[in-house]
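*Asks:* Structure for this input, please:
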Amino acid sequence: MLLVSTLLALAAASSQSLPERAPIPIARALSAAASDTITVAGRALAASGQLQSNALDLGVDDGTGALRIYMRSPHPGIRVGDSVVVTGMVRSYRGDREIAALSVRVVPAAARPVEALVTSLDDDAMGRAWGRLVTVRGRVTRSGHSEGGEWVRLSGLTADDSASIVTVWVGANHGGRIQLGELRPGERLEVTGLVSAFRDNPEDPVVWQVVPRDENDIVRLDVSWVGGLATWLVVAILALAAGALAMRALGRREALRLRETEVRYRQLLELIPDAVMVHEAGRVIFTNPAAARLLGVDDEGALVGRDLAEFADPASRALLLSPGAPGTPATRARGRMATSDGTAVDVELTASPCRYQDRPATLVLARDITQQLRVERDLESLALLDELTGLHNRRGFTLFAEQELARARRYRRAAVLLFADMDELKRINDVHGHAAGDAALCTVARALRNIVRESDVVARWAGDEFVALLLEGTDAEGIDFHERLSAALEELASELPFPVRATVGTSRLGPDDATSLSDALDRADAALYDRKARARSAADTPS
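*Replies:* So this is what the prediction gives:
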């Protein structure tokens, strides 16, 4: 009854016009009190209708943390990677932390790829990944049905983590076509999904769950890798070489068995997507088809006999040609290789000593990570906070300032855009070191927080530049923000061995001012440089 009453109250509240709130980082939202109404913004980790067919259920990740979002009514049109802004009530539901959404809005922008975090099954790793999209590997130990859906238990694939267990859960109203009942104990799985916590009673232990989005999130692992891919490939290549020699000494039946084994190994090497190369003192003596595709040659035979250094940039050659002593772990690093026409390819390289046809050699694996690096760069751009100062970054400021400026105009309130430029950061770095420069930037950030309201939007714009959108009916007339910031800096920097100063320019936006945020920033920037010019002119004028 309590849950029904809560849902009815939320439905009633969602039908009323809600004042927009400034989004807060999800890391902060995770510590908000239950029943607090907050707004968060981030990338959708699931699409509409995936986790539940008759309601909106998805995850949102802003780079600082992630949360499950629930709304009783469906919200069609949300794709994985969409930027969404969610306002709702914080609640704990059967051990999980989530937001009961009152409104969900998609920010007009192209959807971007969302990469799953690869993690282990232990409780600490699951706790750190709460709400996020993860990929885990494990062996099915049990499976079953309940009135709410289907589940399987996964344990670790190695003896070290066999005690680590998570539950893969698919609800009865799940929108994906996932049949957990087809899985059998002993099967090895790779599962991608959202991490959630579950417990019936507060005193019960937490059960970590991974909720897949669709059938593509569950992959059966049909190949058992021996000691990692590099070791497995060493075994495969050694079997090819040893098989050819052993055939001469064995009988017909044994020779036939070895020939069949060789064919199977060759088929596996042809199917592996990573480039496999074996070289002796830099001269290529074996490759697979993936190596030919990576390096842009017609077939793998065209690489045999060539110098591997032709295809590696100088920074990667040492790894490829000198991987380490036999018996040491394989060396892995990111680098670059060049195709036959000179095109650079970003790769992850693994090199390990081996023996080929009873001679010392080196095994090299190369994986094309061009797409992975592109996704990593996109994920970095999704972060809304500046790592050094804790303020919003340029992306976060643009997102939240646009929302707050629209709200100010709707309620016919004035706003002020403040543009601040720190003075002489280069001199501080040159004389006192970059750590001192970082401390000076953090001092400016704290001073800005001290002169604005909590509801104002403050950001580190770029380098030594800071911006702020001041709201709540602020009027710039009669207020000298340059003097306010200077006074705050003087107080905060009193114990530093150098002065910290900044110059401020402002742009006032009246209730009827339709100036865009970009144009207002340009006006404030122009006012800043006009103030700097006047200061230089006054300093040059003889007293």
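*Asks:* what's near enough to touch the closest residue to residue 149 other than its chain neighbours?
*Replies:* Nearest residue to residue 149 in three dimensions, chain neighbours excluded: residue 171, at 4.1 Å (Cβ to Cβ, 6 or more residues apart in numbering). Any C-beta I mention is one placed from the backbone N, CA and C, and that applies to glycine too. For residue 171, the contact set (Cβ atoms under 8 Å, 6 or more residues apart in numbering) comprises 51, 52, 148, 149, 211.
*Asks:* Recalculate using a threshold of 10 Å.
*Replies:* 51, 52, 53, 57, 146, 148, 149, 150, 151, 211 (Cβ atoms under 10 Å, 6 or more residues apart in numbering).
*Asks:* which one of these has the most neighbours?
*Replies:* Using other Cβ atoms under 10 Å as the neighbour criterion, residue 51 leads the contacts of residue 171 with 29 neighbours.
*Asks:* and the residue nearest to it when sequence neighbours are not counted, what helix or strand is that in?
*Replies:* Counting by Cβ to Cβ, 6+ apart, residue 51 lies nearest to residue 57, which is 4.0 Å off, once chain neighbours are set aside. Assigned by DSSP states H and E, residue 57 belongs to strand 56-61.
*Asks:* same question, residue 459
*Replies:* Assigned by DSSP H and E, residue 459 falls in strand 457-462.
*Asks:* Below-threshold pLDDT in the chain: ranges please.
*Replies:* For the chain, applying pLDDT under 70 flags the ranges 1-20, 147, 157-163, 222-267, 323-330, 375-383, 472-478, 541-543.
*Asks:* tell me, which helix in it spans the most residues?
*Replies:* helix 517-540 (DSSP state H).
*Asks:* buried sites along that helix?
*Replies:* Neighbour-count burial for helix 517-540 flags 517, 520, 521, 523, 524, 525, 527, 528, 531 (criterion: 16 or more other Cβ atoms under 10 Å).
*Asks:* The fourth one contacts residue 515, correct?
*Replies:* Looking back up the chat, that one is residue 523. Yes: using Cβ atoms under 10 Å, residue 523 is in contact with residue 515, at 7.4 Å.
*Asks:* Mind listing the shared neighbours of the two?
*Replies:* Contacts common to residue 523 and residue 515, judged by Cβ under 10 Å, 6+ apart, are 417, 507, 508, 509.
*Asks:* which one of the residues you listed has the most neighbours?
*Replies:* Going by other Cβ under 10 Å, residue 417 tops the shared contacts of residue 523 and residue 515 with 27 neighbours.
*Asks:* ok, that one to residue 366 distance?
*Replies:* 50 Å (Cβ to Cβ, to the nearest Å).
*Asks:* Please name the nearest non-neighbouring residue to residue 74.
*Replies:* residue 56 (5.6 Å).
*Asks:* how many other residues sit next to that neighbour?
*Replies:* Residue 56 has 21 nearby residues by other Cβ under 10 Å.
*Asks:* In contact with it, which residues?
*Replies:* 46, 48-49, 69-76, 78, 86, 101, 104.
*Asks:* Pick the one among those closest to residue 193.
*Replies:* residue 46 (8.9 Å; Cβ to Cβ).
*Asks:* residues contacting that closest one?
*Replies:* So residue 46 contacts 52, 56-60, 68-69, 78-80, 114, 133, 175-176, 193-194, 211-214, 217 (Cβ under 10 Å, 6+ apart).
*Asks:* Filter those down to the buried ones.
*Replies:* Buried among these (16+ other Cβ under 10 Å): 52, 56-60, 68-69, 78, 80, 114, 133, 175-176, 193-194, 211-214, 217.
*Asks:* Restricted to strands, list those residues.
*Replies:* Using DSSP state E, the subset of the buried ones among the contacts of residue 46 located in strands is 56, 57, 58, 59, 60, 68, 69, 133, 193, 194, 211.
*Asks:* now the second one: how far from residue 441?
*Replies:* In this structure, residue 57 lies at 41 Å from residue 441, with Cβ to Cβ as the measure.
*Asks:* can you state the direction angle for whichever strand or helix holds residue 405 and strand 457-462?
*Replies:* Following DSSP H and E, one finds residue 405 within helix 394-410. Interaxial angle, helix 394-410 versus strand 457-462 (axes from the mean of the first three to the mean of the last three Cα atoms, to 10 degrees): 140 degrees.
*Asks:* Tell me which strands the helix or strand just after helix 394-410 pairs with, and in which orientation.
*Replies:* Once the chain leaves helix 394-410, the next helix or strand it forms, by DSSP H and E, is strand 415-422. Applying DSSP bridges, strand 415-422 is found paired with strand 465-470 (antiparallel), strand 502-509 (antiparallel).
*Asks:* winner for burial among these?
*Replies:* strand 465-470 (a mean of 26; mean count of other Cβ atoms under 10 Å).
*Asks:* Kindly export that strand (C-alpha atoms) in PDB.
*Replies:* Taking C-alpha atoms only, strand 465-470 is exported to PDB below (Å, rounded to 0.1, in the frame of the first residue of the first chain):
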ATOM      1  CA  GLU A 465      39.400  31.500 -17.500                       C
ATOM      2  CA  PHE A 466      36.300  31.200 -15.400                       C
ATOM      3  CA  VAL A 467      32.600  32.000 -16.000                       C
ATOM      4  CA  ALA A 468      29.500  32.200 -13.800                       C
ATOM      5  CA  LEU A 469      25.800  32.800 -14.500                       C
ATOM      6  CA  LEU A 470      24.300  34.700 -11.500                       C
END
